[in-house]
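> Show me the folded form of this:
(2 chains)
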Amino acid sequence: MITTLLYSMTGLLLFAMGFFTLIVHSHPLRKILAVNVMSTGVFLILVATAYKPLGMGQIDPVPHAMVLTGIVVSVSVTALALLLACRVQETSNLDLPGRKKQGRIPEESGQ
Amino acid sequence: MTSLQLTSPSWMIIPVILPLIAGLLSFLLNRGIFAIALTAALANLLAVSILTCQLLSYGPMRCHMGGWQPPLGITLRTDGPALLMLLMTAVTGLAITLYARGYFSYRILDPKRASQHQHQQRYFWPLWLLLLAGLNGLFLSSDIFNLYVTLELIAIAAASLAALSGKPASQLASFRYLLVNLLGSITFLLGVVFLYKSCRVLDLDLLHNVPMNKPGISAALALMSVGLLLKTALVPLHFWLPPAHANALAPVSIILSALVVKGSFYLLFRLWFEVFAQLITTPALNVMGTLGAVAILWGAIQAMRQHRLKLMIAYSTVSQLGYLFIAFPLARIDGSTQVWSIVIFMAMAHACAKSAMFMVAGTVFLHLGHDRINDLTGIRANLPITVLAYGIAGVSLMGLPPSGGFIAKWLLLSSALASSQWWWALVVIIGSLLAMTYVFRVMSRFFVIPEGYSSAKSTPPSPLLEWPALVLAMISLFLGLAASWPLYILSTGNPALAQVFSGGLP
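Model prediction:
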């Protein structure tokens, strides 16, 4: 029980830290990393949920399946986010998100 | 819930698997991509119609994928609300497919940037089909982790679509869109984890029977709601929507505005009023209603202030989403499926009307090369069908009879008055007046013909650009005349819903 609690609390802490970074920092790379830390935190809680001490019955397989799926999703989403961040940096003379001109839409850039 | 249990494959998998396969094919092949997309959209509509017939004759159905029963296996299920959302997606999706064809063909005609436009079209089709598969999966799925996966699928496809136009502003908007969606998904996932810790089941029907007395379940509900509200762009979490929707290509704006936000809203609504109905309290419902009211007013005022047509329509989406939430506080008094009919009607009417409006904006942009509202004069002479579509869609957004929007607002007003919560009725009326203001502001520009203006100066656009918009606008209009038909589907075989409202809410 203590083990599960310890890992779950660590997971929650990671989630909170990631959330804080995502909100506070403006650099795209930091934001992407922050999202990754958040999802790692969630996965840690999931793995801790499945834990059973030795001799206390079988480990629950469902959270493990969920973590595996989650990791696949997280990898692909990270790839897309990194690509978009690169594109933002390459194509724009607008500044990166979070600095000046945030989210401003120039006239006639509609299409 | 008594529903027909199926272990063999059924029509239910078609709306998920078919767009997925078509999407992969259209990514791999070089020719005939439009034919694949059109076939997929038509077959999707056919499969959903067959599912509707099955629902009407057999009642709700559950299909266990691969023969695995829950709690281990993943279940797909159909019932009234799910099928109406599927029908909405299939009809709008077919129109979007046709419109996108016309849109890209028109743009490729421009010799200067033909290769860029061909490139955009090349990647539009696979992404759109994947998004369709994700949406259909969301409406059909009965497993809460599977729902998370479909949410991520939708987010990936939608963010890529939003970046398709290649303009710097759209890249930035799409990056923010992706981050916001990721934050929403991860928060939702944390909620799923809390739920699994407390209940040890993931199937929505099994969850419905679990006693809801553990604190973990309340935390799970709160986390999942916040995640979904972020994705649905309810005020004050709407900041990402207008730039992302307004800077995308026209077919993409339609998809994002008409379908994608409805997906996360539908999930939120089901969780609140079906799975966790025992946990919902009056203050929570009132908070949602208040946020909805703020969204209606704030979105409409912002829409009135915009100088660009697409931004105006995007803010109108923010405003219209508010109506969906204002139905929340009316749920507990009614004790019936009234709230379901309000919400589903509103969603369907808005999907059709908003798609038509964004199609009009896209056509106008192609025609004039800009969408500044003050310079939209003379359009009436060149694009009469498009202007007609705009007008009819506007009628539905304002909620004039006999449109679908009118029926939804009428139901909203009557249940607000019946439950003596007149202040919600007041917001609905003010919101409709504001909607009238911003719709007519553009309409009046359409009808001004400046002096010395010759209508013959440009070629008429292809019918694929004009007719899908008009047909969708007509559907949103006549939804009000055929109102009994969706309501019949909604109530078919839904004793569980009625039961939730009579006994479930405290």
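
> Strands along chain A, start to end?
Counting by DSSP state E, chain A has no strands at all.

> ranges for the helices of it?
Along chain A, counting by DSSP state H, helices occupy A:2-24, A:28-50, A:61-91.

> what residues does the stretch 151-300 of chain B put near chain A?
The stretch 151-300 of chain B comes close to chain A at residues B:152, B:155-156, B:159-160, B:163, B:165-176, B:178-179, B:182-183, B:186, B:189-190, B:192-193, B:196-197, B:200, B:202, B:239, B:243, B:246-247, B:249-250, as judged by C-beta under 8 Å from any C-beta of the partner chain. For the C-beta atoms, the positions are set from N, CA and C on the backbone; glycine is no exception.

> From those, which land in strands?
Per DSSP E, strands hold no members of these.

> Quick check: ChimeraX command selecting the buried ones in these.
Buried residues within those, by 16 or more other C-beta atoms under 10 Å in any protein chain shown, are selected in ChimeraX with:
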select /B:152,155,156,159,160,163,165,166,167,168,169,170,171,172,173,174,175,176,178,179,182,183,186,189,190,192,193,196,197,202,243,246,247,249,250
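
> In helices, which of the residues of the stretch 151-300 of chain B next to chain A appear?
Short answer: these in helices (DSSP H) are B:152, B:155-156, B:159-160, B:168-176, B:178-179, B:182-183, B:186, B:189-190, B:192-193, B:196-197, B:243, B:246-247, B:250.

> pLDDT below threshold where in the chain?
The chain I'm using is chain A. A:92-111 (pLDDT under 70).

> Actually, chain B is the one I wanted.
B:1-3, B:6-9, B:332-337, B:452-459, B:493-506.

> again, only using 50
Applying pLDDT under 50 to chain B flags the ranges B:1, B:496, B:498-506.

> Which residue ranges of it form strands?
Counting by DSSP E, the segments of chain B that form strands are B:4-6, B:61-64, B:75-78.

> Indicate which one of those is closest to A:P53.
Shortest distance between A:P53 and those, using C-beta to C-beta, is found for strand B:75-78: 32.2 Å.

> Could you provide the strands of chain B in a markdown table, with additional columns for mean neighbour count and distance to B:T92?
What follows is the strands of chain B, written out as a markdown table (neighbours: other C-beta atoms under 10 Å in any protein chain shown; distance: least, C-beta to C-beta, whole Å):
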| stretch | mean neighbour count | distance to B:T92 |
| --- | --- | --- |
| strand B:4-6 | 15 | 28 |
| strand B:61-64 | 20 | 24 |
| strand B:75-78 | 26 | 19 |
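
> Compare those strands and give me the one nearest chain A.
Evaluated over the strands of chain B, closeness to chain A peaks at strand B:75-78, with 14.3 Å, by C-beta to the nearest C-beta.

> re the thing from before, would you mind giving the strands of chain B as TSV with distance to A:I45 added?
Below are the strands of chain B laid out as TSV (distance: least, C-beta to C-beta, whole Å):
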stretch	distance to A:I45
strand B:4-6	33
strand B:61-64	28
strand B:75-78	25
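
> Of all those strands, which one comes closest to B:L464?
Shortest distance between B:L464 and the strands of chain B, using C-beta to C-beta, is found for strand B:75-78: 31.7 Å.

> hey, C-alpha coordinates of that closest one in CSV?
Output in CSV follows, covering the C-alpha atoms of strand B:75-78 (Å, rounded to 0.1, in the frame of the first residue of the first chain):
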residue,chain,number,x,y,z
THR,B,75,-17.4,-2.6,-26.7
LEU,B,76,-19.0,-0.5,-29.3
ARG,B,77,-22.6,0.5,-28.8
THR,B,78,-25.4,2.3,-30.6
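
> For whichever residue of chain B sits closest to chain A, give its distance to B:A155.
Closest approach between chain B and chain A, counting by C-beta to the nearest C-beta: B:P168, at 3.5 Å. The spacing between B:P168 and B:A155, counted by C-beta to C-beta, to the nearest Å, is 22 Å.

> Could you do B:L285 as well?
Separation of B:L285 from B:A155 (C-beta to C-beta): 27 Å.

> all helices for the stretch 1-150 of chain B, in order.
Ranges of helices in the stretch 1-150 of chain B, per DSSP state H, counting those that start in this stretch, are B:14-28, B:33-58, B:80-108, B:114-140, B:144-162.

> what would these look like in CSV with distance to B:I301?
Below are the helices of the stretch 1-150 of chain B laid out as CSV (distance: least, C-beta to C-beta, whole Å):
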stretch, distance to B:I301
helix B:14-28, 38
helix B:33-58, 37
helix B:80-108, 27
helix B:114-140, 30
helix B:144-162, 25
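
> between the ones you listed, which gets nearest to A:Q89?
Comparing those under C-beta to C-beta, the one sitting nearest is helix B:144-162, at 16.6 Å.

> Number of residues surrounding B:L29?
B:L29 sits with 13 neighbouring residues when counted by other C-beta atoms under 10 Å in any protein chain shown.

> sorry, that was for B:P402
With other C-beta under 10 Å as criterion, B:P402 counts 15.

> Now it: phi and psi?
Per-residue torsions, B:P402: phi -100, psi 30 (degrees, to the nearest 10).

> give the contact list for it.
Shown in contact with B:P402 (C-beta atoms under 8 Å, 6 or more residues apart in numbering or on different chains): B:477-478, B:480-481.

> Out of those, which sit inside helices?
Those of the contacts of B:P402 lying in helices (DSSP H): B:477-478.

> okay if I get the contacts of B:P402 as TSV plus neighbour count?
Supplementary listing: the contacts of B:P402 in TSV, determined by neighbours: other C-beta atoms under 10 Å in any protein chain shown:
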residue	neighbour count
B:L477	24
B:F478	16
B:G480	22
B:L481	13
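
> can you tell me which residues contact B:S264?
Applying C-beta under 8 Å, 6+ apart, one finds that B:S264 lies in contact with B:151, B:184, B:228, B:231-232.

> can you redo the residues you listed as CSV with neighbour count?
Below are the contacts of B:S264 laid out as CSV (neighbours: other C-beta under 10 Å):
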residue, neighbour count
B:L151, 25
B:G184, 23
B:L228, 25
B:K231, 28
B:T232, 26
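
> Looking at these, spot the one nearest B:I296.
The shortest approach to B:I296 among the contacts of B:S264 belongs to B:T232, at 14.2 Å (C-beta to C-beta).

> quick one: B:N181 and B:A158 touch, right?
Yes: the pair B:N181 / B:A158 is scored as a contact, 7.3 Å apart, by C-beta atoms under 8 Å.

> Looking at these two, which is more packed in?
Between B:N181 and B:A158, counted using other C-beta under 10 Å, the more crowded position is B:A158 (30 against 25).

> so who does that one touch?
Contacts of B:A158 (C-beta under 8 Å, 6+ apart): B:131, B:177, B:181, B:255-256, B:260.

> Kindly recompute the last result at 6 Å.
B:256, B:260 (C-beta atoms under 6 Å, 6 or more residues apart in numbering or on different chains).

> From B:L129, how far out is it?
B:A158 sits at a distance of 13 Å from B:L129 (criterion: C-beta to C-beta).

> Ok, B:F194 next?
Taking C-beta to C-beta, one finds B:F194 at 34 Å from B:L129.

> which of those two has more neighbours?
Of the pair B:F194 and B:L129, B:L129 is the one with more neighbours under other C-beta under 10 Å, namely 29 against 25.
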